[in-house]
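Engineer: Here is my input, please return the structure:
(one chain, ligands or ions: 2)
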Amino acid sequence: HRNLTVLAVESSADDTCAAIVTSERQILSNVVLRQDSYHEAYGGIHPYVAIEAHQRNMPGAVRRALEEASMSINDVDGIAYTRGPGIGGCLSVGSNAAKTLAAALNKPLVGVHHMQAHALTPFLTTPVDSLPTYPFLTLLVSGGHTLLLLASSPRTFRTLATTLDESIGRAFDKVSRMLSLPWSQHGPGAALEQFCMSGPTSDPVEAESEERGARSQAELEAPHIPLPMRGRLAFSYTGLHSTVERFMHARGGIIDEHTRYAIATRFQMAAVGQLEEKLALGLRVCRRKGIDIRHLVVSGGVASNMFLRQRLRACLDGASPDVPISLIFPPPSLCTDNAVMIAWASMQRFLAGDTDDYTIELRSKWSV
Ligand code: KG4
Ligand code: ZN
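Structural biologist: Ligands and ions are numbered 1, 2, ... in the order given. Purely as a prediction, here's the structure:
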């Protein structure tokens, strides 16, 4: 087939992104304008703030993507954008930009499913001799998603488990802030991981209680953080940080270093423990249905957590001792929201001539 060059834009949540990618897996540019600092005060994405920031930043992001690729818009073969799911007003900024460019330049247009794009990223980033083979599982763990997906073909995906309330990334952020952990350039979640690594490897409260003989949980100066919804294919993360919040509140927010450390390690253990449990459950469900899984792709901001990486490796070895399951982590810059994955996910459709009308609507809610 001929080599295609696609310009894509992404604006489904709080990052304004534009990128240029070729069908030969070359990333010619990747522009991501983050908005985190605007939303921090709201404890989540504020839709109006996000929409306004996308409106301010999208034209400049497209301009920069072309400049970084040293290209003129006329050299682009197609325009791709995120059709959904996401915040309607945010999606419309990228969608209008893409459609107007496509119509004005008379180029083909493809609207992409954001989650499918995340799931297809390893086909762009993994060396060609170790690409995942269908069917495979994808675990998407970030500030926006906590999702276990089954990918059966490039266009057939099923959600095995999603979060019923909050994402794992937001829970990490909240607990990290509650414990007033030192700042990390990779965000509060990474700060919590670093804090856990800075102390002894075992749970300090339990180690101490063993020394002093058995004590009841109520006497231990750290909360027990339970795993919610055992045995169900669904995630829940609000219970984890509200347990920590109640514990802190009862002490007027004053805790010693020892307790802070115990809370951080127990939270991380419970947050990752929940992923392990659902992954093992998902693998059992697949096996029961005769679906042979050989690859797990883990992406999203939380995937850079080393404790998570070790535990998932051990979990796969335990769940499938006979047939090895490979673990694939795309590079962090392409695990978080970006337009490279949108361009890449559109590629097969451009190559097949399967493009969209300029009149297609957004799908802010869109099952995978
Ligand atoms: O994918 P991402 O960069 O963007 C959004 O989804 O917005 O994910 C960001 C999330 C944040 O919640 C951040 O605290 C978390 O990923 N995160 C981590 C680590 N690095 C980033 N959580 C735990 N451990 C880490 N090392
Ligand atoms: Zn995303």
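
Engineer: Strands of the stretch 251-368 of the chain, residue ranges please.
Structural biologist: Secondary structure of the stretch 251-368 of the chain (DSSP state E, counting those that start in this stretch): strands at 295-299, 326-328.

Engineer: ok, what's across the strand from Val31?
Structural biologist: Ala18 (DSSP bridges).

Engineer: Quick one: residues contacting it.
Structural biologist: Cys17, Ala18, Ala19, Ala61, Arg64, Ala65, Glu68, Ala339 (Cβ atoms under 8 Å, 6 or more residues apart in numbering). C-betas here are computed from N, CA, C, even on glycine.

Engineer: check those against ligand 2, which are close?
Structural biologist: Applying Cβ under 5 Å from the ion, the subset of the contacts of Val31 adjacent to ligand 2 is empty.

Engineer: For Ala262, state which of those is nearest.
Structural biologist: Within the contacts of Val31, proximity to Ala262 (Cβ to Cβ) peaks at Cys17, which comes in at 39.1 Å.

Engineer: is it possible to export the strands of the stretch 251-368 of the chain to JSON lines including mean pLDDT and distance to Val32?
Structural biologist: Below are these laid out as JSON lines (pLDDT from 0 to 100; distance: least, Cβ to Cβ, whole Å):
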{"stretch": "strand 295-299", "mean pLDDT": "96", "distance to Val32": "15"}
{"stretch": "strand 326-328", "mean pLDDT": "96", "distance to Val32": "22"}
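
Engineer: Quick check: the spatially most central residue of the chain vs ligand 2, distance?
Structural biologist: The chain has Gly300 as the residue nearest its centroid, 2.7 Å off, counting by Cα atoms, centre = their mean. To ligand 2, Gly300 is 7 Å away according to Cβ to the ion, to the nearest Å.

Engineer: Which residues are in contact with that residue?
Structural biologist: The contact partners of Gly300, by Cβ under 8 Å, 6+ apart, come to His118, Leu139, Leu140, Val141, Ser142, Gly144, His145, Gly169, Cys335, Thr336.

Engineer: tell me which element the residue nearest to the first one when sequence neighbours are not counted is part of?
Structural biologist: Distances taken as Cβ to Cβ, 6 or more residues apart in numbering place Leu140 nearest to His118, at 5.5 Å, with adjacent residues excluded. Secondary structure assignment for Leu140, by DSSP states H and E: strand 136-141.

Engineer: Contacts only, for the nearest residue to Glu166 once chain neighbours are set aside.
Structural biologist: The shortest distance from Glu166 to any residue other than its chain neighbours is 4.4 Å, reached at Tyr237 (Cβ to Cβ, 6+ apart). For Tyr237, the contacting residues are Thr146, Thr163, Asp165, Glu166, Ser167, Ile168, Arg170, Ala171, Ala271, Gln274, by Cβ under 8 Å, 6+ apart.

Engineer: 6 Å instead, please
Structural biologist: Going by Cβ atoms under 6 Å, 6 or more residues apart in numbering, Tyr237 touches Glu166, Ile168, Ala171.

Engineer: Output those in CSV; the columns should cover neighbour count and secondary structure.
Structural biologist: Converted to CSV, the contacts of Tyr237 look like this (neighbours: other Cβ atoms under 10 Å; DSSP: H, G, I helix; E, B strand; the rest coil):
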residue, neighbour count, secondary structure
Glu166, 21, coil
Ile168, 29, helix
Ala171, 29, helix
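
Engineer: Need the pLDDT of Glu210.
Structural biologist: Looking at Glu210, its pLDDT reads 62.

Engineer: Show me where the protein dips below the pLDDT cut-off.
Structural biologist: Along the chain, the model assigns pLDDT under 70 to residues 1, 43, 200-220.

Engineer: just to revisit the earlier point, and the contacts of Gly300, which is closest to Ile51?
Structural biologist: Gly144 (16.2 Å).

Engineer: picking up where we left off before, and the contacts of the strand holding Leu140?
Structural biologist: For strand 136-141, contacts defined as Cβ under 6 Å, 6+ apart pick out 118-119, 147-149, 151, 168, 293, 295-300, 302-303.
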